[in-house]
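A.B. asks: Structure for this input, please:
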Amino acid sequence: MKLPVPVTSRLAVLVALLLAILSSPSFGQDNGSNLLVEQRAAIAEITRRTDDLELRMRSNLYDDAALVEVRNHLEEQARRLIASGVAFRPRLAAINNRLDEIGPAPGEGSPPEPAALTEERQSLLNEKAEINTLLGDAEKLSLRANKMIEEIAQIRRDLFSNTLSRRYDLSTALSPRVLGEFAAESSKLYQALSSWVRFAVNYKLSSVLLATFFALLAAAVLLFGGRRLFGNLIEADPENEEPSYLTRLSVAFWSTLLPSAALAVFLFATHFFFNYFGVLRHDIAQLMVSFFNVIAIVFFVYRLASAVFSPNLPEWRLVPVEPRAARVLFWLVWLTALVASADFFLSRVNVVMSSPLSLTIAKSLVATVIVGVLVILIATVKPYIGYDGRPRRWGTLFRVLLFGLGGTTVLAALLGYIGFARFMSQQIVITGAILATMYIGYLSASAISELGAFGKTALGRRLTARFHFDETTEDQLGLAASVVIDILILAVGIPLILLQWGFQWGDMRAWTYNFATEVRIGSISISLIGILTGVLVFVIGYFLTRGFQHWLDGKVMARGRVDAGVRNSISTAVGYAGVALAGLIGISAAGIDLSSLALIAGALSLGIGFGLQNVVSNFVSGLILLAERPFKVGDWIVAGAVTGTVKKISVRATEIETFQKQTVILPNSELINSAVGNWTHRNKLGRTEIRVGVPYGSDVRKVHQLLTDIIASHPLALRNPEPFVAFTNFGTNFLEFEARLFLADINTQGSVGNEIRFQIIEVFGREGIEIAYTAPPATAKPAPPKRRRSRRDAVPE
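C.D. replies: Down below sits the predicted model:
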């Protein structure tokens, strides 16, 4: 359709105006001005935030959690500064390119340049100077932020070191005055709790009941859902007197984890809803958090000790200890956790109630000494029965470790290093419980990965009954489940241990972010998120390529009745091109600069020239075969001693299936460099021969006519070219004839030849014509020499 002249002229005017605007110097300068305004405001905001963070750091020099939070915010500001610097790169590149195009100002004696050009150069230089000034400010601010981050790290190290190395005077803690301070502190705590309880009952009773209901509901959902999912793995079955080791491990792991998780959910939900409904005061909230932590830890250790030592069900015990030792160890471990947790809670009470230092020292001294003594008592237990029937101690290494931990805790407390003693006692209980749980989970994962183990579990039996898996699939699922369990154990256990050793959640978030976004190896920076993104993009591209291949082959080319060999060549080429394109896009998405791989490519080319020349030769030969198509899938070829049907052509080798159903993999270079016969290259037309011999003296004219009639009458024999019979030779023992006929499909020669041979035997037999054969010449067997008979050989009648 032809546009009217006015419309055409208007379009031309609009296009000209648009090109003029885009090509004008002011267009890029306006964009640069906007960028300068935006980044100047951003850097000013980062400066203000950095000043605020420095004030927060100076005012929280003794608060580890606050220092971690400040450090995380500083790292965020540092990343924003990097982003500001990156934002200027395109504009700086454009300015430099334009300055190169304009060139330097003309010197003295040179012809003057246009005023517009001089003005544009000066404007670009001014803008470049402003950008460089902002980049300098950003660099100074980045150095300041990094210095503050290093200072925070040093402050935190000093805090941790001072906490552990500070020595207290025990004389005030052992004086009788501490008892009076303890009584006054107890009365003060009672008054605080009673006043809060009266407030909650009189004014917030409905909120308390509602919050408790929601907390119970959340815990019940987790507990009953876990029971429904894991069934009898929550509790040991007393009627099962011979449980397998895998069953015992699974019951120990889940019977510890699920009830503890349900209790933790209940406690967390209770605190959350109490705080949400305004039930808690600030002091009560701090005490409640500490008390709930104590309840969770003590309950967790109780469940873990019950699962490991099983004092009431010896057959479910994980460690082979005698019943009496199991009961003793269960109570010692539980009491150790109880005392350490009580010390933790009372320390929080001392902080909230502003207790005297002497009372805090006395309380921690008693608790840490008790914990150390309990650990020493655990080391003295004789849990095993020797071959002689007498009790036997722990292994030497484990016993020395327990004595060392308990003795160090007691000695540190008695010497006045209360902070170090409290740290030791808490690590013995909490870190020990976490490590024990992780070890049980690891043993469970190892047991599940054993051959045939997953199919014996409740989950394995359910999956097999539902999806009818075979043993191989069950073992693969068991291996996958083992890997998942190990990953979960590490993902949950390691952060919990780090928290006990003085690290904060902010530390782990920062580590995770830095590890995921940038891992530096020398001068090389690797981003795990970028790598995962690249892998994901490649996988998506791979499956899209396979889908397009199937669609192109099954929908487009199949309906177009394209030859099978052509379809295979096109599908293979599309597949390799799609995978290569997906690989390039994945590498780009991963943030890998392909130009940095030039050195590697050069080294690879050298290696290809020497060690991989056969591989490259086969690869190039495969491309030639796909392009020239001397044979295609389905063709009957003869390559040296190999005869068969082509099944698959790839870039490295060609798959040929012989008539004995043997698969032969031939390198493509052999098919290119050697002679290859193709019975079905242009078409499937082919000739087959059937040789027949008759004795001398037979009527050769009649034999010729009979053979001609037989092959001409076969329905698959072509009329053009016409079948014929050749009298080929006067043989040594018979006259040789050869019946030759052409077939539209040479692949049918076996069945056609079979039928014609049957007809030849029937017709020749009916006509009295003998079919000659070659018999081996008769050889005379020499008679054995006669031996004179002696009397010794005579047989009596």
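A.B. asks: which ones are touching the closest residue to residue 745 other than its chain neighbours?
C.D. replies: Distance criterion Cβ to Cβ, 6 or more residues apart in numbering; nearest residue to residue 745, sequence neighbours excluded, is residue 684 at 4.5 Å. (C-beta placed from N, C-alpha, C; glycine too.) By Cβ atoms under 8 Å, 6 or more residues apart in numbering, the contact set of residue 684 is 744-747.
A.B. asks: again with residue 541
C.D. replies: 578-579, 581-583, 585-586.
A.B. asks: Ranking by neighbours, what's the top pick from the residues you listed?
C.D. replies: Neighbour counts for these, by other Cβ atoms under 10 Å, peak at residue 586, which reaches 21 neighbours.
A.B. asks: Surely that residue is in contact with residue 530?
C.D. replies: No. In this structure, residue 586 is not within contact of residue 530 by Cβ atoms under 8 Å, at 10.3 Å.
A.B. asks: how about the residue nearest to residue 745, secondary structure?
C.D. replies: Secondary structure assignment for residue 684 (DSSP: H, G, I helix; E, B strand; the rest coil): coil.
A.B. asks: Compute the distance between it and residue 646, please.
C.D. replies: Relative to residue 646, residue 684 is positioned 14 Å away (Cβ to Cβ, to the nearest Å).
A.B. asks: cool, and residue 73?
C.D. replies: Taking Cβ to Cβ, one finds residue 73 at 67 Å from residue 646.
A.B. asks: Tell me the buried residues in the one helix or strand residue 75 maps to?
C.D. replies: Here residue 75, judged by DSSP states H and E, is contained in helix 64-87. The neighbour-count check on helix 64-87 (16 or more other Cβ atoms under 10 Å) flags 64, 66-78, 80-81, 84-85 as buried.
A.B. asks: Mind jotting down where the strands sit in the protein?
C.D. replies: Taking DSSP state E as the test, the strands found in the chain are 384-385, 391-392, 519-521, 524-526, 636-639, 642-649, 653-658, 663-667, 676-678, 686-694, 724-730, 735-743.
A.B. asks: could I get those as CSV with mean pLDDT?
C.D. replies: Converted to CSV, the strands of the chain look like this (pLDDT from 0 to 100):
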stretch, mean pLDDT
strand 384-385, 81
strand 391-392, 83
strand 519-521, 60
strand 524-526, 63
strand 636-639, 87
strand 642-649, 86
strand 653-658, 88
strand 663-667, 87
strand 676-678, 85
strand 686-694, 90
strand 724-730, 90
strand 735-743, 91
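A.B. asks: Of all those, which one comes closest to residue 237?
C.D. replies: Closest approach to residue 237 among the strands of the chain (Cβ to Cβ): strand 384-385, 25.9 Å.
A.B. asks: and the closest one, what does it pack onto?
C.D. replies: Strand 384-385 sits against strand 391-392, with contacts defined as 3 or more Cβ pairs under 8 Å, 6 or more residues apart in numbering; DSSP states H and E.
A.B. asks: Each with direction, which strands does the strand it packs on pair with?
C.D. replies: According to DSSP bridges, strand 391-392 forms sheet pairs with strand 384-385 (antiparallel).
A.B. asks: Now do the partner strand: distance to the chain's middle.
C.D. replies: 44 Å (Cα atoms, centre = their mean, to the nearest Å).
A.B. asks: cool, stretch 173-191 as well?
C.D. replies: Chain-centre distance of stretch 173-191: 57 Å, with Cα atoms, centre = their mean.
A.B. asks: Can you point out the buried residues in that stretch?
C.D. replies: Under the neighbour-count criterion of 16+ other Cβ under 10 Å, stretch 173-191 has 173, 178, 181-182, 185, 189 buried.
A.B. asks: which among the residues you listed gets closest to residue 260?
C.D. replies: Of all the buried residues of stretch 173-191, residue 260 sits closest to residue 189, with 27.8 Å by Cβ to Cβ.
A.B. asks: surely the closest one meets residue 348?
C.D. replies: No. Under the criterion of Cβ under 8 Å, residue 189 is not in contact with residue 348, lying 11.2 Å apart.
A.B. asks: and the spatially most central residue of the chain, what pLDDT?
C.D. replies: With distances taken as Cα atoms, centre = their mean, residue 532 lies nearest the centre of the chain, 9.0 Å away. What the model reports for residue 532 is a pLDDT of 80.
A.B. asks: Residue 2 too?
C.D. replies: Reported pLDDT for residue 2: 42.
A.B. asks: What mean pLDDT does stretch 201-211 get?
C.D. replies: Averaged over stretch 201-211, pLDDT sits at 88.
A.B. asks: Also stretch 150-157?
C.D. replies: Across stretch 150-157, pLDDT averages out at 80.
A.B. asks: go on, stretch 314-323?
C.D. replies: This predicted structure assigns stretch 314-323 an average pLDDT of 83.
A.B. asks: what about that stretch, distance to the chain center?
C.D. replies: The answer for stretch 314-323 is 38 Å, by Cα atoms, centre = their mean.
A.B. asks: Quick check: end-to-end length of it?
C.D. replies: The stretch stretch 314-323 measures 7 Å between its terminal residues, going by Cα to Cα, to the nearest Å.
A.B. asks: Just the buried residues of that stretch, please?
C.D. replies: Buried residues in stretch 314-323, counted by 16+ other Cβ under 10 Å: 316-318, 321-322.
A.B. asks: So residue 578 versus residue 625, what's the distance?
C.D. replies: Distance from residue 578 to residue 625, by Cβ to Cβ: 20 Å.
A.B. asks: got it, and residue 456?
C.D. replies: 52 Å.
A.B. asks: more neighbours, the two?
C.D. replies: Per other Cβ under 10 Å, whichever of residue 456 and residue 625 has more neighbours is residue 625, with 22 against 15.
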